[in-house]
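J.: here are the coordinates; sequence isn't available:
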DNA sequence: AACGCATAAGTAAGAC
DNA sequence: GTCTTACTTATGCGTT
């Protein structure tokens, strides 16, 4: 305690929180690196990484929801005379 | 005081650059606000803003390129047994 | 009314919204380009663009608020034994 | 080779890549959640999460580099007559 | 429940 | 050419 009301912060607790965050961010960065590696590997195997990203994104949503969104998009595109997405 | 070796920075020029940036950022913020307004208006008219965003995004790319990407995505989806995008 | 119940979307209104957005996004991109130019010019004049960005960011907040945040940061840093920001 | 020349994509390999990415993204999301929890806990303990974020950010850079950047920022601020950061 | 903030993701440009 | 860095957009979260 330094005395008269400033810097009475509980440094130890603060430090603990910060170190926990840092540790977790380290783990997160590791995982991000592994994801990059997978994409690099896929690319080296002849796949298109960008398209794989799209697929991964699409799979995050339930099929039903995805199809509904796709259908709405098609309707908009059609209304604009840009119906490139459908057959 | 430009004399004793520190803070000899040309404050006027610096200030000029900063004010130019600030002015431009102001304009940019204004335009961003107007874009938001358009989306709000579209929503109020019964359109889905998110889908409009998608359309705007799609229109940024040349038709040909967009279709090629779409086709590749379809092939990947098909290979995965998720061929929801096509008819 | 096109007839059989789908794609009755008001294509004209939709198109109008989209074109307004596109026009505004065009303006926005222009302004973004001008901002970039200013930074490039500043850099060419020997200034550090990154630092200028920081200054611009700091100036967005009222002085008072900024100083309060800075003071709190200093206290945290001090509590951690990292009091590099103050003299 | 499934047959007549299209969709000869190696679905199994593709699927494998995608599932690896998805698994890793799952892990990443978990870690992100844990980081959030730490911030929530810190907040509940009376700390300011935003400031902690700043501290974590500052600690990412070597002390020396951080101080050099800080010094430059101070010089710019001083040149602008905004020397709020120093004493 | 809507609004703005804050994080995360994707994209594009620049440095090595 | 790769790899990082910065910008833009999009989504999610907390707030009011």
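T.: Great, that's in hand. Everything numeric here is computed off the predicted structure, so don't read it as measured data.
J.: Would you mind listing where chain A has pLDDT under the threshold?
T.: By pLDDT under 70, the weakly predicted segments of chain A are A:1-8, A:84-87.
J.: So which bits of it are right by chain D?
T.: Neighbours of chain D within chain A, by C-beta under 8 Å from any C-beta of the partner chain: A:13-14, A:17-18, A:20-22, A:24-25, A:27-28, A:31-32, A:34-35, A:38-39, A:41-42, A:45, A:47, A:52, A:55-56, A:59. (Each C-beta comes from the backbone N, C-alpha and C, glycine too.)
J.: can you map out the helices along chain A?
T.: Secondary structure of chain A (DSSP state H): helices located at A:11-44, A:49-59, A:63-79.
J.: Just put these in JSON lines and tack on mean neighbour count and distance to residue B:69.
T.: Shown next, in JSON lines, are the helices of chain A (neighbours: other C-beta atoms under 10 Å in any protein chain shown; distance: least, C-beta to C-beta, whole Å):
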{"stretch": "helix A:11-44", "mean neighbour count": "16", "distance to residue B:69": "16"}
{"stretch": "helix A:49-59", "mean neighbour count": "16", "distance to residue B:69": "7"}
{"stretch": "helix A:63-79", "mean neighbour count": "16", "distance to residue B:69": "14"}
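J.: Pipe these into TSV and attach distance to chain B per row.
T.: Output for those, formatted as TSV (distance: least, C-beta to the nearest C-beta, whole Å):
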stretch	distance to chain B
helix A:11-44	11
helix A:49-59	5
helix A:63-79	5
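J.: distance of the residue sitting nearest the centre point of chain A from residue B:77?
T.: Geometric centre of chain A, nearest residue: residue A:57, 9.0 Å, by C-alpha atoms, centre = their mean. Residue A:57 sits 12 Å away from residue B:77, going by C-beta to C-beta, to the nearest Å.
J.: do the same with residue A:76
T.: From residue A:76 over to residue B:77 the distance is 21 Å, taken as C-beta to C-beta.
J.: now do residue A:56
T.: From residue A:56 over to residue B:77 the distance is 12 Å, taken as C-beta to C-beta.
J.: go on, residue A:47?
T.: 13 Å.
J.: Equivalent analysis for residue A:72, please.
T.: 18 Å.
J.: If you drop the residues flanking it in sequence, what lies closest to residue A:14?
T.: Distances taken as C-beta to C-beta, 6 or more residues apart in numbering or on different chains put residue C:79 closest to residue A:14, at 5.6 Å, once the chain neighbours are dropped.
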